[in-house]
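Undergrad: sharing a sequence plus its predicted fold:
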Amino acid sequence: MNAPAAPLLQARDLSRSFRVRRSGGMFGHAAVLHAVDGVSFDLTPGRTLGLVGESGCGKTTTARLVLGILTPTGGEVRFEGAPVPAPGTRAWRQLRRRMQMVFQDPLGALDRRIPVGQQVMEPLAIHGAGARGDRRGRALELLDAVGLGASFFARYPHELSGGQRQRIVLARALILDPTLLVCDEPISALDVSIQAQVINLLLDLQAKFGLAYLFISHDLKVVRQISHEVAVMYLGKIVEQGDPDRLLTDPAHPYTQALVSAIPVAAAARRRPRLILKGDPPNPVDRPAGCAFHPRCPAAVDRCRVDTPVLKPLPDGRLAACHVAHGEAGSARLVA
Amino acid sequence: MATVTDDRIAADPTAVGPPRSRVARFVEAWPPSVLLALGWIVAMLLIAASVEWIAGYAYTAMDLRARLSPPILFGGTERHLLGTDELGRDVLSRLLYSIRMSLLIAFFGTLIAATLGTFLGILAAHFRGWVEDIVLTMIDFQASMPFLIIALAVLAFFGNSLILFICLMGFHGWERYARISRGLAIAANEQGYAGAVRQLGAPAWRIYGRHVLPNIASTLIVSMTLAFPETILLESGLSFLGLGVQPPLTSLGNMVGYGREYLTRAPWIMLAPSAVIVLTTLSISLVGDWLRDRLDPTLK
């Protein structure tokens, strides 16, 4: 890790809960779902933070909180030192020039009645940036930067392949020169050969424009390839965070160990024993007491059932929230 | 020689590839049924616009010596091409005036309903919360209340005037547009193109005006073409009950309603306006269907 620059994005103790109605028909009573619960992280300019976890663990909610599309119920997000304003306000709209989003489903994110070139130009029109006559040229520049020629300008989204559509979404996000790009599962809707192309494109664009990425995925290998730092989320909390290589070769948290053991490995010699977790992820409405992971954790001890572990540094500098990993459980560390 | 090849290609409907004749391409873009339907609609509009000049008689003019005279090919005279009714009024002239009246009512009624419904639906989708609750309650109220009873009450309280009647037609069926536009706008906002454009910092008018409305327009247009015939029929029904267009004014439904009494002795009084209702509603449905396909770039 380089010497830390001033953070571009700071999330402090970020929480978001939703009121939900419990199942049980008419008699179901209201409950509170903690989608994100006390998440903190920093992101420096030009770096990538990967956010991984199962579906439903709060990754997308975190992305929406960071972008200010949702207002947090607790904690705050600071972007370039200032709190992110409330959604829909003038200041929030102005901030869109600095932070942009890339969506999971590029076809859904594009208006299928408008040629893609027009859609790439649209942010300029929305923010009144640049002279009207220059916008087309700027859009063509961006199309070129994402590897699409001028011939794509007049095409419609349904005429493009999935990878080309995602490039269009990227071009539209980049045309205002943002400093932060939040990518919410940008490649999970694409097939594997296209995934690699888009990942390489993201890396190229980061080098070229100095972008910071908040990269959300459930694919650990992709996250390892693109991220400077990885945070693993489980039920709305970060359970382990640190350097991707170290985290993925020697995971400290039992949940990360299970995730890592699920990565397919080609060479038989390097194959690790597969850790299969018991049960399903618990309903976030019924968060277990103590460590939320303890009902599925192979290493859980009594303390895990009552005492919620906090995210704190391990001797090697990365962060983990686990009594066992910190050696505070009174039992040996789980060997994967 | 060249014409022979052209004819062969034009005659073969399975011919594919670039060398298709102009005729084949034209037929594909403008199917004959749609052309006929468009022609009929244009004719109706022209009649509505110029009825004063083309009608042979005023719609109230009575010819008492030629009462219940049959149409020209069924033993009638050329003085009354489509015959006359029980008061000796010329059916053709009354039909032309009725076309204008019914088109006026159905067109503005449908337009008012579509505008009102779409506006309320988008309002509900944009604000959610209590605004949406109020709109949904209004939709349920409208859908559960028999429209005839509302119409009766309104006409009884405020008296009958043409403007009021058209506005009343506009309140019929708005809930359908509201439901459609609300559902589609919510879907677009939640995870689609509209959410993406909002995320780009676009103001509401841009999201709804430039993205959501054009995208849901095809559904709304089809809905309008379905509602247009319904409005004509509703107008007919109300006029038949004596609540709609009042004599001496005339409309298609009014003519059908009063012609019913003479169905066995003088069927032409009722058949002429009925045929116009059927052909007009069919034409509008055909054109609406075709328009929806034309408006969708993914189907080109």
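TA: Arrived safely. Numbers count the residues shown, from 1 in each chain, chains lettered A, B, ... in the order given.

Undergrad: list the contacts for whichever residue of the stretch 201-300 of chain B sits closest to chain A?
TA: At 3.3 Å from chain A, residue B:201 is the closest residue in the stretch 201-300 of chain B, using Cβ to the nearest Cβ. C-betas here are computed from N, CA, C, even on glycine. Going by Cβ atoms under 8 Å, 6 or more residues apart in numbering or on different chains, residue B:201 touches A:92-97, A:123, A:126-127.

Undergrad: how near is the nearest residue to it once chain neighbours are set aside to residue B:198?
TA: In space, and not counting its chain neighbours, residue B:201 is closest to residue A:96: 3.3 Å by Cβ to Cβ, 6 or more residues apart in numbering or on different chains. As judged by Cβ to Cβ, to the nearest Å, residue A:96 and residue B:198 stand 9 Å apart.

Undergrad: okay but residue A:130 is in contact with residue A:124, surely?
TA: Yes - using Cβ atoms under 8 Å, residue A:130 makes contact with residue A:124 at a distance of 5.2 Å.

Undergrad: joint contacts of these two?
TA: With Cβ under 8 Å, 6+ apart, residue A:130 and residue A:124 have common neighbours residue A:138.

Undergrad: looking at those two, which is more packed in?
TA: residue A:124 (20 against 16; other Cβ atoms under 10 Å in any protein chain shown).

Undergrad: list the contacts for that one?
TA: Contacts of residue A:124 (Cβ under 8 Å, 6+ apart): A:130, A:135, A:138-139, A:175-176.

Undergrad: can we see that at 7 Å?
TA: A:130, A:135, A:138, A:175 (Cβ atoms under 7 Å, 6 or more residues apart in numbering or on different chains).

Undergrad: and if you look at residue A:267?
TA: Counting by Cβ under 7 Å, 6+ apart, residue A:267 has no contacts.

Undergrad: the residue of the stretch 201-300 of chain B closest to chain A and residue A:213, how far apart?
TA: Taking Cβ to Cβ as the measure, residue B:201 falls 20 Å from residue A:213.

Undergrad: re the thing from before, now the residue of the stretch 201-300 of chain B closest to chain A: phi and psi?
TA: Backbone geometry at residue B:201, expressed as degrees, to the nearest 10, gives phi 100, psi 20.

Undergrad: could you pull out the helices for the chain?
TA: Picked chain A for this. Along chain A, the stretches classed as helices by DSSP state H are A:59-66, A:90-95, A:106-109, A:116-126, A:132-145, A:162-174, A:192-209, A:220-226, A:244-249, A:254-261, A:302-306.

Undergrad: could you do chain B instead?
TA: B:2-11, B:22-29, B:32-54, B:91-127, B:129-144, B:147-158, B:162-170, B:174-191, B:193-199, B:204-206, B:213-240, B:252-259, B:268-295.

Undergrad: residue A:182: which of those is closest?
TA: Nearest to residue A:182, of all the helices of chain B, is helix B:193-199, at 9.5 Å by Cβ to Cβ.

Undergrad: count of residues packed around whichever residue of the stretch 201-336 of chain A sits closest to chain B?
TA: Minimum separation of the stretch 201-336 of chain A from chain B (Cβ to the nearest Cβ) falls at residue A:214, amounting to 14.1 Å. Residues lying near residue A:214 (other Cβ under 10 Å) number 27.

Undergrad: same question for residue A:41.
TA: 21.

Undergrad: spit out the contact partners of it.
TA: Contacts of residue A:41 (Cβ under 7 Å, 6+ apart): A:11, A:49, A:231.

Undergrad: hang on, the second one packs against residue A:227?
TA: Yes - Residue A:49 is in contact with residue A:227 according to Cβ atoms under 7 Å; the separation is 6.5 Å.

Undergrad: have a look at the two and say which one is more surrounded.
TA: residue A:227 (25 against 22).

Undergrad: let me know the pLDDT of residue A:213.
TA: What the model reports as pLDDT for residue A:213 is 92.

Undergrad: quick check: closest non-adjacent residue to it.
TA: Using Cβ to Cβ, 6+ apart and skipping residues adjacent in sequence, the residue nearest residue A:213 is residue A:48, 4.2 Å away.

Undergrad: and for residue A:163?
TA: residue A:194 (3.8 Å).

Undergrad: what residues does the stretch 101-250 of chain B put near chain A?
TA: B:191-193, B:196, B:199-202, B:206, B:211, B:214-215 (Cβ under 7 Å from any Cβ of the partner chain).

Undergrad: again, only using 10 Å
TA: B:187-188, B:190-204, B:206-207, B:210-212, B:214-215, B:217-218 (Cβ under 10 Å from any Cβ of the partner chain).

Undergrad: and the residue nearest to residue A:213, what pLDDT?
TA: pLDDT, read off for residue A:48, is 93.

Undergrad: check contacts around it.
TA: Contact analysis of residue A:48 by Cβ atoms under 10 Å, 6 or more residues apart in numbering or on different chains lists A:181, A:183, A:202-203, A:206, A:211-215, A:223, A:225-230, A:244.

Undergrad: got the residues of the stretch 101-250 of chain A near chain B?
TA: Counting by Cβ under 10 Å from any Cβ, the positions of the stretch 101-250 of chain A adjacent to chain B are A:101-115, A:118-119, A:122-123, A:125-127, A:156-159, A:169, A:172-173, A:175-176, A:182.

Undergrad: for ChimeraX, write the select line for the buried members of those residues.
TA: Here is the ChimeraX command that selects the buried residues among these (16 or more other Cβ atoms under 10 Å in any protein chain shown):
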select /A:101,102,103,104,105,106,107,108,109,110,111,112,113,114,115,118,119,122,123,125,126,127,156,157,159,169,172,173,175,176,182
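
Undergrad: before we move on, the earlier item: from residue A:165, how far off is the residue nearest to residue A:163?
TA: Noted for residue A:194: a distance of 10 Å to residue A:165, by Cβ to Cβ.

Undergrad: low-confidence stretches in the chain?
TA: Because you didn't say which chain, this covers chain A. For chain A, the stretches with pLDDT under 70 are A:1-5, A:22-28, A:268-271, A:329-336.

Undergrad: actually it's chain B I care about, not the one you picked
TA: B:1-20, B:76, B:191, B:297-300.

Undergrad: quick one on the thing from earlier: so which of residue A:194 and residue A:165 has more stuff around it?
TA: Remark: of residue A:194 and residue A:165, residue A:165 carries more neighbours, 22 against 17, as counted by other Cβ under 10 Å.

Undergrad: many thanks, I have nothing further to ask.
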